[in-house]
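Peer 1: Fold the following, please.
(chains A and B)
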Amino acid sequence: MDRIGWEIRDDIGIITINNPPENYLAKPDFVQLEILKKWTSYDYLRGLMITGTGKQFSGGGKLEHLFSMINAKEDISRKISDGKKVLDFLENLDIPVISAIQGICFGGGLEIALACHIRICSENALFAFPETNHGIMPGLGGTIRSQELIGFPMALKMILGGDMINAEDALEMKLVDFIVPKQKLHEYSFNFLLRLTKDRPLDVIHAVMKVLRNARTLSVKDAMKKETHLFCELALAEAHRRKSQE
Amino acid sequence: MKFTLTDTIGHLVLNQPPSNKMTLSFFAELNHLVQYIEKLKEIKGLVISGNGRHFSSGTDLPAILEVVEQNTIVDALGHPVIIPDFLLNNYLSLQILERLPFPVLSAIRGVCLGSAMELTLFSHFRFCSEDSVFGLPESTFNLIPGLGGISKVYHLSGKAKAMELVLKGKTFLASEALKFKLVDKILPKKELIQQSCIFIKSISSGYRKEKKKLYLKNFFNNHDTI
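Peer 2: Numbering: from 1, shown residues only, chains lettered A, B, ... in the order given. Alright, predicted model coming up:
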């Protein structure tokens, strides 16, 4: 049953979707929120990487599974909202979260990737929201998150068209941030996260993540106010640190 | 700083060569000058540049740290409760600059780092020479850019790039800055100031000033919350 792997290497957490070959997701909440909270509660954690086992990232949820859940009168809307909570939690973490995407990244898999802060993919990666081909639509916030990255027209095309997008096109429309050779994907992604965070004190990492989040969610005025406050806090700490070294 | 007004175009020059470091008195002068420029009637555009080879290497960090340490009122846990006026005023200066009712352009040569880069991000256009070097190195000093730079980079270059530039704190070149949308145009060094002035003039002369004021005012009102 253990379909999600977890390990910590060099203070970086690695979540692996572990249901090969396609790494289908068993539920909308691909990992339970409580478990995810426990994993990320280590305060020395400097970053988080999400990837899939084997050749694929994730094919998303299985349709038959979804429909059988509906037939069994399970509370779908609660399941979906659990899934949303997990992705919101990932997106709002105060450490960088990146996804390393190889092979297929469809539906729910793409929703997970979109909730990450940075997306790195292999040259053979494929992206799609196939939901509308089956009479449903993406339900975990991907419709909103994709717009922020690729704009309204491309999001509309991708979601309503349901067609596949290769790595090159994904890079061009800014759905992903980097393409690397597939043999090097995990190494590159991990080292990218390491390089980004290893020389930075944790409070600087947290402050940068907070300010970036505020830039998206608050009015410009409030975001700036918070930024000045955080700067002041760090400057105070740095001034004290320099004093104590003298 | 030096301010001159020629033929309805204002020139604001960071004037402490060679590095044009942004000292405490620089920020005080900036605050004073933007308020003065805001009230000028006959001005139609503003070009900001650095005297000499560089735009500016950014703030005088030890001085800033001292001000923060001496003027912040903290609670029992050492968290700031009242932020020094100095920091708030600096941000207000940049905000006034951004909301001036005429186009503002930064013409950047040489290094443009930290707060200097934040200053340019608050102008409406950024033109630079091929040899310009940019960077937000604050995180390498255990700090973050404190004048709105993170938000500006976020909106121009996107979340992933902002995270990378701010957390890595590495410098980058003019060509990269253009790719990240942090500058609008790269020009030959010798023509930079002249071309910038021509550009500002060309967009300033087309409309009646009252109309333009109205347009810019609407623009900022509509874009205040994102």
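Peer 1: List the contacts of the residue most central in space within chain A.
Peer 2: The centroid of chain A falls nearest to A:Cys116 when counting by C-alpha atoms, centre = their mean (2.1 Å). Going by C-beta atoms under 8 Å, 6 or more residues apart in numbering or on different chains, A:Cys116 touches A:50, A:90-91, A:97-99. Backbone N, C-alpha and C define where each C-beta goes, glycine included.
Peer 1: just A:Gly13 next, same as before
Peer 2: Contacts of A:Gly13 (C-beta under 8 Å, 6+ apart): A:6-7, A:39-40, A:42, A:45, A:47-49.
Peer 1: Could you rerun that using 10 Å?
Peer 2: Shown in contact with A:Gly13 (C-beta atoms under 10 Å, 6 or more residues apart in numbering or on different chains): A:6-7, A:36, A:39-40, A:42, A:45-50, A:93, A:95, A:97, A:193.
Peer 1: Same check on B:Met163?
Peer 2: Listed by C-beta under 10 Å, 6+ apart, the contact set of B:Met163 reads A:96, A:98, A:117-118, A:177, A:196, A:205, A:208-209, A:212, B:150, B:153-154, B:157.
Peer 1: Now for those, which sits with the most neighbours around it?
Peer 2: Among the contacts of B:Met163, B:Ile150 has the most neighbours (other C-beta atoms under 10 Å in any protein chain shown), with 31 neighbours.
Peer 1: Give me the distance from the host helix or strand of that residue to the chain's centre.
Peer 2: Counting by DSSP states H and E, the element that carries B:Ile150 is helix B:149-157. Centroid separation for helix B:149-157 versus its chain: 13 Å, with C-alpha atoms, centre = their mean, to the nearest Å.
Peer 1: Also compute the angle for the helix or strand that comes right after it relative to helix B:149-157, please.
Peer 2: Later in the chain than helix B:149-157, the nearest helix or strand by DSSP H and E is helix B:159-168. Relative orientation of helix B:159-168 versus helix B:149-157 (axes from the mean of the first three to the mean of the last three C-alpha atoms, to 10 degrees): 140 degrees.
Peer 1: For helix B:159-168, list the C-alpha coordinates in PDB.
Peer 2: Output of helix B:159-168 as PDB, limited to C-alpha atoms (Å, rounded to 0.1, in the frame of the first residue of the first chain):
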ATOM      1  CA  LYS B 159       8.000  32.900  -9.300                       C
ATOM      2  CA  ALA B 160      10.600  30.400 -10.200                       C
ATOM      3  CA  LYS B 161      13.100  32.900 -11.600                       C
ATOM      4  CA  ALA B 162      12.600  35.300  -8.600                       C
ATOM      5  CA  MET B 163      13.300  32.500  -6.200                       C
ATOM      6  CA  GLU B 164      16.400  31.500  -8.100                       C
ATOM      7  CA  LEU B 165      17.800  35.100  -8.400                       C
ATOM      8  CA  VAL B 166      17.100  36.100  -4.800                       C
ATOM      9  CA  LEU B 167      18.100  32.900  -3.100                       C
ATOM     10  CA  LYS B 168      21.300  32.300  -5.200                       C
END
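Peer 1: how about the closest residue in space to A:Gly60 that isn't next to it in sequence, what does it touch?
Peer 2: Of all residues not flanking A:Gly60 in the chain, A:Gly107 sits nearest, at 2.7 Å (C-beta to C-beta, 6 or more residues apart in numbering or on different chains). Counting by C-beta under 10 Å, 6+ apart, A:Gly107 touches A:24-25, A:58-63, A:128-131, A:134, A:136, A:138-140, A:142, A:162.
Peer 1: Please see if the helix ranked longest in chain B touches chain A.
Peer 2: When chain B is parsed with DSSP state H, its longest helix is helix B:24-39. No: contact of helix B:24-39 with chain A (C-beta under 10 Å from any C-beta of the partner chain) is absent, the minimum separation being 13.5 Å.
Peer 1: Touching that helix from outside, list them.
Peer 2: For helix B:24-39, using C-beta under 10 Å, 6+ apart, the contacting residues are B:1-3, B:5, B:10, B:12, B:14-16, B:20, B:22-23, B:43, B:46, B:56, B:59-60, B:63-64, B:66-67, B:86-87, B:89-90, B:92-102, B:104, B:115, B:119, B:147.
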